[in-house]
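# Sharing a sequence plus its predicted fold:
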Amino acid sequence: MTSGRSPSINRRPIYIPPKNFADYLSYQQEYCLFLDIDGTLADFTMNPKDSVIPDSTLILLQKIQSHGIKIAVVTGRSLAEARQMLSPLILPIAATHGLEIAFDDSSDTNQTNVVSVDTMELAVIKQSIIQSCIPFDDFTVENKPYSVALHFRKNPALADEAYAIMAETLKTHNNWSLKSGKYVWEVVPKGVNKGTAILTLLEKMQSSESLCPIFMGDDITDEAGFVAVQGESKSLEDDSQLIKGMGIKVGCEPTHADYYVRNTHEVTVLLNSFLSFCQKHTAPVEATVRVRGRRVI
Ligand SMILES: O=P(O)(O)OC[C@H]1O[C@H](O[C@H]2O[C@H](CO)[C@@H](O)[C@H](O)[C@H]2O)[C@H](O)[C@@H](O)[C@@H]1O
């Protein structure tokens, strides 16, 4: 139940040797990147508050951006936390599994919630989960503005107890659903998923040319994103226009993604290969790239 294996996935993704990622790309195509945070840009930590995206990765993303490549982040983190983890980079973000969407700056006018959230009801749900967790020392309850996550990474043997607590709580809250992730169960409003979030961002990011989306993610919630970018769901604006992008799973678990790499280290190697591709293809649009005040190119 909590292993992340889905019996409906029968595909065998192709391993991309990350150093050779550029070989899988075409100079005739304009690409854009959609990136998950935890397990993709950031390594796992016991406490979610301790996770960071390494400076070297932020610098790499900024260099890629400087070649005019559009990059967006698609994450289960809240918008506020995602912004903090990405700082000083400013990117379009779909946060809380696609519930909170911010296009390209930190102003509130540029931000939308795709479904409305009953925060009073969420407070009741959080309280009920906290109460149910009292007998267990090893749970971590992550209190997010529009969702609540119950983490059992400290003690994976508590997986079934965690599920039971969340499922029991949801019995009386029909507008909420349960998402499973790596050592976590999360209550989110119904109707949000990363696939729809990516299509929403993509529509906004497209100008005249049609962009080829590449999405990288490691978790079960990322599967909807793979399906969306691989053209197994349709673009929002034009029902007849199929998207033909690349889904790249981080990790070796069963997936809908067409491709995979093994871990976060390989993600950075792959992004470096993508940067080399961009360097051959386009001139940088900005002369100076800075991360945390330091000039890097
Ligand atoms: O969509 P993502 O960016 O991958 O976010 C998914 C969840 O990530 C975080 O939890 C995961 O990372 C934690 C820190 O490494 C780890 O302790 C936990 O076991 C993982 O499940 C985050 O805390 C959640 O809010 C996100 O939904």
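Yes, it's here.
# out of everything not next to it in sequence, what's closest to the residue in the chain that the ligand sits nearest to?
Residue of the chain nearest the ligand, by C-beta to the nearest ligand atom: G76 (2.4 Å). Any C-beta I mention is one placed from the backbone N, CA and C, and that applies to glycine too. Excluding the flanking residues, the one nearest G76 by C-beta to C-beta, 6 or more residues apart in numbering is H97, at 5.0 Å.
# check contacts around that neighbour.
Shown in contact with H97 (C-beta atoms under 8 Å, 6 or more residues apart in numbering): 75-76, 147, 179, 186, 188, 192-194, 197, 221.
# Now, those that are in helices?
Of the positions in these, 194, 197 sit in helices, assigned by DSSP state H.
# Max pairwise distance over the contacts of H97: which two?
Distances among the contacts of H97 were taken as C-beta to C-beta; the most separated pair is E186 and A197, at 15.3 Å.
# ok, these two, which is more surrounded?
Neighbour count, other C-beta atoms under 10 Å: between E186 and A197, A197 has more, with 27 against 21.
# Of the contacts of H97, which belong to strands?
In strands, defined here by DSSP state E, the members of these are 179, 186, 188.
# got any ranges where the stretch 1-150 of the chain has weak pLDDT?
Residue ranges of the stretch 1-150 of the chain with pLDDT under 70: 1-8, 10, 105-109.
# need the residues of it near the ligand, please.
36-39, 44-46, 48, 51, 75-77, 142, 149 (C-beta under 6 Å from any ligand atom).
# Buried residues, stretch 91-108. List them.
Across stretch 91-108, burial judged by 16 or more other C-beta atoms under 10 Å covers 91-103.
# Run the chain-centre distance for that stretch.
The chain centroid and the centroid of stretch 91-108 are separated by 12 Å under C-alpha atoms, centre = their mean, to the nearest Å.
# Using PDB, write down the CA coordinates of that stretch.
Coordinates of each C-alpha in stretch 91-108 appear next as PDB, following Å, rounded to 0.1, in the frame of the first residue of the first chain:
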ATOM      1  CA  LEU A  91      10.500  30.900 -11.300                       C
ATOM      2  CA  PRO A  92       6.900  30.000 -12.100                       C
ATOM      3  CA  ILE A  93       5.800  27.600  -9.400                       C
ATOM      4  CA  ALA A  94       2.900  25.200  -9.100                       C
ATOM      5  CA  ALA A  95       2.900  24.400  -5.300                       C
ATOM      6  CA  THR A  96       0.800  22.200  -3.000                       C
ATOM      7  CA  HIS A  97       0.600  19.600  -5.800                       C
ATOM      8  CA  GLY A  98      -0.800  22.200  -8.200                       C
ATOM      9  CA  LEU A  99      -3.200  24.000  -5.900                       C
ATOM     10  CA  GLU A 100      -1.200  27.200  -5.600                       C
ATOM     11  CA  ILE A 101       0.100  28.600  -8.900                       C
ATOM     12  CA  ALA A 102       2.300  31.600  -9.200                       C
ATOM     13  CA  PHE A 103       3.500  32.500 -12.600                       C
ATOM     14  CA  ASP A 104       6.600  34.500 -12.500                       C
ATOM     15  CA  ASP A 105       7.100  36.800  -9.600                       C
ATOM     16  CA  SER A 106       6.300  37.000  -5.900                       C
ATOM     17  CA  SER A 107       3.400  39.500  -6.200                       C
ATOM     18  CA  ASP A 108       0.000  38.200  -4.900                       C
END
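# which residues touch A22?
So A22 contacts 273-274, 276-277, 280 (C-beta under 8 Å, 6+ apart).
# Apart from its chain neighbours, what residue comes closest to it?
Per C-beta to C-beta, 6+ apart, closest to A22 is F277, 3.9 Å.
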